[in-house]
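Participant: I need the structure of the sequence given here:
(chains A, B, C and D)
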Protein chains: 2
Amino acid sequence: MAGVSERQPPSGAAVLTGPLPERLLAVATRLFAEKGFEGTSVQEIVAAAGVTKGAMYHYFAAKDDLLYQIYHRLLMMQTGRLEQFADGQGTAEERLRAAAVDVIETSFLHLDELTVFFRSMHLLPKNKRRAIRAQRRRYHERFRSLVEEGQQAGIFRSDVPADIVTHFFFGAVHQVSTWYRAGGPLGAHTVSEYYVGLLLDGLRHTPS
Amino acid sequence: MAGVSERQPPSGAAVLTGPLPERLLAVATRLFAEKGFEGTSVQEIVAAAGVTKGAMYHYFAAKDDLLYQIYHRLLMMQTGRLEQFADGQGTAEERLRAAAVDVIETSFLHLDELTVFFRSMHLLPKNKRRAIRAQRRRYHERFRSLVEEGQQAGIFRSDVPADIVTHFFFGAVHQVSTWYRAGGPLGAHTVSEYYVGLLLDGLRHTPS
DNA sequence: GTGTCGATACCGACTGGACGGTATGCGCTC
DNA sequence: GAGCGCATACCGTCCAGTCGGTATCGACAC
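Facilitator: Next up is the predicted model:
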């Protein structure tokens, strides 16, 4: 992956290092995932980050700005990657498979962000919610058009609308944060392959 | 007044009729779905139900009791139906298909309850959360064993664990509340059939 | 059929604390 | 000496839960 640049070095717990805005977002993500957005006070966030409220309100206009930024950044990254895979080489099935595996794997890497967003997006003020919905729409549409491409090429079944397929798959993916626990018996890559296998081939045994 | 009182007539908007506990749950479900659990005050709930806080705390020990009851009742119903389908007649595939269609359709009928629960379950106190998790585990296990049955009969593929299949499918189902809107172009039954078709046969075109 | 008792169903004012957000100040850098 | 990056103190609001009180009703006695 050329265009996808590496982010911060893979240090274990970067809580008291680095630029403050990122530190606050990291701490807030963890706390929101643990105790919920409304169950976490601004005071707790800044205390965990080793600063005070003045610092936070210097960088973020409101508490829900944290929530917005948390998911906005993840979504931007995933959208960029999806578009790279979708616009790449290979058949529609190959590209869809690669994109689907990638979105699951990056989702596993950011389970907290996903958890927090899908629990609390309804708490965002209207304008921010609209902004996120627009970005998600763009993401959804790109995936959907990939499915449609495969349908028109005769690779995918056409009796199920591509829109439904996309909702079906992303629904399953966005819910992994409710059951998957890192450190369990299943690795992220394993689950990704299973999920994509189910998406493409379904559950029924097809004697080849 | 006899002991066995009359049930409420099937009127459309039964908000100010019927037994108070059910009335409060119905009103709370609607408000929680609209404005979130934390964004809805007890005062608003009781006002919408036409009573006062004293009445609510007469029937419910705490605000989160409402949340618990809302999903508890739905889950009990769906579990009962799942077990009926699973223990019924037919091949494993036929029974799984019928059970899967049913769970989606009942989910569409109770979208508000699903929305509220999956947004706010983390706000439940520990004991109630444990209770719900136990019930959901039972539900999950019954579906999983149905998948396993089909795997052992050679009807379903065995290279994907039944546990993963169950998570995959329920994940997709539990997320419908984030995109499906009643009154849209797609009916609940249509979507149910699409989803079950995707679960069983997957996306790939299999020339028969 | 009248009076008493107890229970159920509900009312509504009040409290105590928490929480998001702000106004101001202060040190350090350039 | 100006402005950035934060600290500290404070405010107004809101809200879950409480608690003493009232109304209604059935059961039972006489």
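Participant: break down chain A into its strands, ranges please.
Facilitator: With DSSP state E as the definition, chain A shows no strands.
Participant: can you tell me the centre-most residue of it?
Facilitator: Residue closest to the average C-alpha location in chain A (Cα atoms, centre = their mean): A:S107, at 4.6 Å.
Participant: tell me the residues of chain A that contact DNA strand C?
Facilitator: A:38, A:40-43, A:53-54, A:57, A:62-64 (Cβ under 7 Å from any atom of the strand). All C-beta spots, glycine's among them, are computed from the backbone N, C-alpha and C.
Participant: now the residue nearest to the centre of chain A: how far from chain B?
Facilitator: Note on A:S107: its distance to chain B, by Cβ to the nearest Cβ, to the nearest Å, is 11 Å.
Participant: and A:H58, by the same measure?
Facilitator: 26 Å.
Participant: low-confidence stretches in chain A?
Facilitator: A:1-17, A:203, A:205-208 (pLDDT under 70).
Participant: show the contacting residues for the residue in chain A positioned nearest to chain B.
Facilitator: Closest to chain B within chain A is A:G202: 2.7 Å, counting by Cβ to the nearest Cβ. Shown in contact with A:G202 (Cβ atoms under 8 Å, 6 or more residues apart in numbering or on different chains): B:198-204.
Participant: leaving out chain neighbours, which residue sits closest to it?
Facilitator: Leaving aside its sequence neighbours, A:G202 sits nearest to B:G202 (Cβ to Cβ, 6 or more residues apart in numbering or on different chains; 2.7 Å).
Participant: got phi/psi on A:Q89?
Facilitator: Backbone torsions for A:Q89, taken as degrees, to the nearest 10, come to phi -90, psi 160.
Participant: tally of neighbours for the closest residue to it other than its chain neighbours?
Facilitator: Leaving aside its chain neighbours, A:Q89 sits nearest to A:R95 (7.8 Å; criterion: Cβ to Cβ, 6+ apart). Counted with other Cβ atoms under 10 Å in any protein chain shown, the neighbours of A:R95 add up to 20.
Participant: equivalent analysis for A:G183, please.
Facilitator: The tally of other residues near A:G183 (other Cβ under 10 Å) stands at 6.
Participant: repeat for A:E38
Facilitator: Neighbours of A:E38 under the rule other Cβ under 10 Å: 18.
Participant: wait, doesn't it sit right on B:R119?
Facilitator: No. In this structure, A:E38 is not within contact of B:R119 by Cβ atoms under 8 Å, at 10.7 Å.
Participant: what is in contact with those two at once?
Facilitator: Overlap of the contact sets of A:E38 and B:R119 (by Cβ under 8 Å, 6+ apart) consists of A:S120.
Participant: ok, A:S145 to B:P19 distance?
Facilitator: Using Cβ to Cβ, to the nearest Å, we find A:S145 at a distance of 51 Å from B:P19.
Participant: and what of A:S120?
Facilitator: For A:S120, the distance to B:P19 equals 33 Å [Cβ to Cβ].
Participant: and if you look at A:L82?
Facilitator: Counting by Cβ to Cβ - A:L82 and B:P19 are separated by 50 Å.
Participant: tell me which of those two has more neighbours.
Facilitator: The neighbour comparison of A:L82 against B:P19 (other Cβ under 10 Å) goes to A:L82, with 23 against 12.
Participant: list the contacts of A:G39.
Facilitator: B:122-123 are the contacts of A:G39 under Cβ under 8 Å, 6+ apart.
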